[in-house]
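# Okay, here's the prediction I keep looking at, along with the sequence it came from:
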Amino acid sequence: MTSASPAIADPRAFLRALYDAAVRRALPSAQIAAHLPLPPRGRTVVIGAGKAGGAMAAAVDAAWPRNAPLAGLVLTRYGHVPEAYRTSGGRIEVVEGAHPVPDAAGAAAARRIAALVKALTKDDLVLALVSGGGSALLAMPAEGLTLADKQAANQALLKSGAAIGEMNCVRKHLSGIKGGRLAAMCAPAPVVTLLISDVPGDDPAVIASGPTVPDETTCADALAVCARYGIALPPAARQGLESGAYETPKPGDARFAGHVVTMLATPQQSLEAAAALARERGVAAHVLSDEIEGESREVGKVHAALARAVARRGEPFARPCVILSGGETTVTVRAAPGQVLGRGGRAGEFLLGCAIALQGEPGVHVLAADTDGIDGVEDNAGAIVTPSTLARGIAAGMKAGEHLDRHDSYGYFAGLGDLVITGPTYTNVNDFRALLVT
């Protein structure tokens, strides 16, 4: 191109605006009020868990009638409580725990949530606020298991490369509260579940391991996942799964009668919001899919191949355009003997794979970030790749391939000043990727 349109004169700012639009569409404050039920004759108890939990609780509190009773407990990740709600003394208590590996604070909160819903009546109402991250946060080990057992299983799952549905199949069967068990505790009170999806396919039974919805997976399925990825289980866990003692409530269980499940925000809706903004600014936008899974670096290579085809041949899309995708990729952690691993999450690993495959392709800029504002366990949401990424890395004494080998995407992009840092966004519709081809 001889000149750039005003919309893409600054590719970094353009891509960041698309990410911000995607996040805005998923904010609880914009969605919850329209989906709240009427207050019941009895009590309203609010429970929940997830990275969006604090913002969801704040939105419910703001929209719920001031003269109607409201109380409860919601669990979210450390640092993910909106400051205004933290200091306002809201009616719903919000506590924090660790993610992605559960800690004692999360376990204590899970026990408190279970206690809150005991002895309810059919005149009471349970509002369940569920979002991504709730599976790791809501730690209540199944009978015979310890928190250490759950932590070890979670660590192994995170490093295995298993898809989110597979991980949550195991998590819910080793839990005393997920996989529909929390809803069963609420009976006979009706449960209204409000969801923000972070999983491919938006299956309520997978989001946060489905604490308030019936579960179609089985103990045998959980054992198969562990066998597939070589995940060692504590003897008590294996016994519970093999005997069927850890089986979850299934569809058709009378305890789910009258329950309502509503999806407030999904990855596809956020991708469409980003696409709409791009088109408003005169740039064609194409949404590939909101369900892309696979090894992050390999997914990065595939996206790079598509961007190259557009840049070089104008196929399958004419340029300028932006290509959008979402879903949840995985990182299988592999370390050579004695190798020191670096820092980074799925978005960074995707970007390193993408940058290496692009080899400085002119006119291609890429942003990948997690919509919760945290890529893995770091302080960045993601990063940006430009045509000069590899060359600037070499000039700074860094080789992208070496950083990828030791899973150090954070170190690489921090060294270039190309991290995207947003802080917690108070929502979570998972991976966001945008490739701009000018």
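Right, received. Where do you want to start?

# Quick check: R406 vs A335, distance?
8 Å (C-beta to C-beta, to the nearest Å). In short, each C-beta sits where N, CA and C put it, glycine included.

# shared neighbours, these two?
By the contact definition C-beta atoms under 8 Å, 6 or more residues apart in numbering, R406 and A335 are jointly contacted by L341.

# of those two, who's got more company?
The neighbour comparison of R406 against A335 (other C-beta atoms under 10 Å) goes to R406, with 17 against 12.

# surely the more buried one meets R343?
No: shown here, R406 and R343 do not form a contact pair, counting by C-beta atoms under 8 Å, at 9.8 Å.

# where along the protein do the strands fall?
44-49, 71-77, 92-97, 125-131, 191-196, 260-265, 284-292, 321-327, 364-370, 382-385, 419-420, 431-437 (DSSP state E).

# Please produce a markdown table containing these, extended by distance to K159 and mean neighbour count.
Formatted as a markdown table, these follow (distance: least, C-beta to C-beta, whole Å; neighbours: other C-beta atoms under 10 Å):
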| stretch | distance to K159 | mean neighbour count |
| --- | --- | --- |
| strand 44-49 | 23 | 28 |
| strand 71-77 | 20 | 25 |
| strand 92-97 | 21 | 21 |
| strand 125-131 | 24 | 29 |
| strand 191-196 | 26 | 26 |
| strand 260-265 | 29 | 19 |
| strand 284-292 | 21 | 18 |
| strand 321-327 | 20 | 24 |
| strand 364-370 | 18 | 28 |
| strand 382-385 | 21 | 28 |
| strand 419-420 | 23 | 22 |
| strand 431-437 | 18 | 27 |
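
# who wins for proximity to L27 among those strands?
L27 lies closest, by C-beta to C-beta, to one member of the strands of the chain: strand 260-265, at 7.9 Å.

# Give me the helices and strands touching that closest one, please.
strand 191-196 (3 or more C-beta pairs under 8 Å, 6 or more residues apart in numbering; DSSP states H and E).

# who touches the strand it packs on?
By C-beta under 8 Å, 6+ apart, the list of residues contacting strand 191-196 reads 26, 28, 32, 35, 37, 50, 52, 56, 125-132, 183, 204, 207, 212-213, 259-265, 427-429.

# What strands flank that strand, and is each parallel or antiparallel?
strand 125-131 (parallel), strand 260-265 (parallel) (DSSP bridges).

# can I get the ones you listed in a markdown table with distance to A224 and mean pLDDT?
Shown next, in a markdown table, are those (distance: least, C-beta to C-beta, whole Å; pLDDT from 0 to 100):
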| stretch | distance to A224 | mean pLDDT |
| --- | --- | --- |
| strand 125-131 | 26 | 98 |
| strand 260-265 | 27 | 97 |
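
# out of those, nearest to P251?
strand 260-265 (12.3 Å).

# Just the CA coordinates for that closest one, please, in CSV.
The C-alpha coordinates for strand 260-265 follow below in CSV (Å, rounded to 0.1, in the frame of the first residue of the first chain):
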residue,chain,number,x,y,z
VAL,A,260,-33.2,-21.3,34.8
VAL,A,261,-29.9,-20.8,33.0
THR,A,262,-29.1,-17.6,31.2
MET,A,263,-26.0,-16.7,29.1
LEU,A,264,-25.1,-13.1,29.6
ALA,A,265,-21.9,-12.9,27.5
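
# give me phi/psi at G201?
Main-chain torsions, G201, degrees, to the nearest 10: phi 90, psi -10.

# per the record, what domains does the protein have?
6-24+268-437, 31-265 (automatic domain parsing).

# just the helices in the stretch 151-300 of the chain please.
In the stretch 151-300 of the chain, the helices defined using DSSP state H, counting those that start in this stretch lie at 164-173, 181-186, 219-229, 235-243, 267-280, 296-313.

# Now do the closest residue to I32 other than its chain neighbours against A34, distance only.
Closest residue to I32 apart from its sequence neighbours, by C-beta to C-beta, 6 or more residues apart in numbering: A59 at 4.1 Å. Distance, A59 to A34, using C-beta to C-beta: 11 Å.

# Just the buried positions in stretch 290-303, please.
For stretch 290-303, the neighbour count (16 or more other C-beta atoms under 10 Å) marks D290, I292, E293, G294, E295, S296, R297, V299, G300, V302, H303 as buried.

# Read off the pLDDT value for the nearest residue to M185 once chain neighbours are set aside.
Leaving aside its sequence neighbours, M185 sits nearest to V117 (C-beta to C-beta, 6+ apart; 5.0 Å). V117 is assigned 97 on the pLDDT scale.
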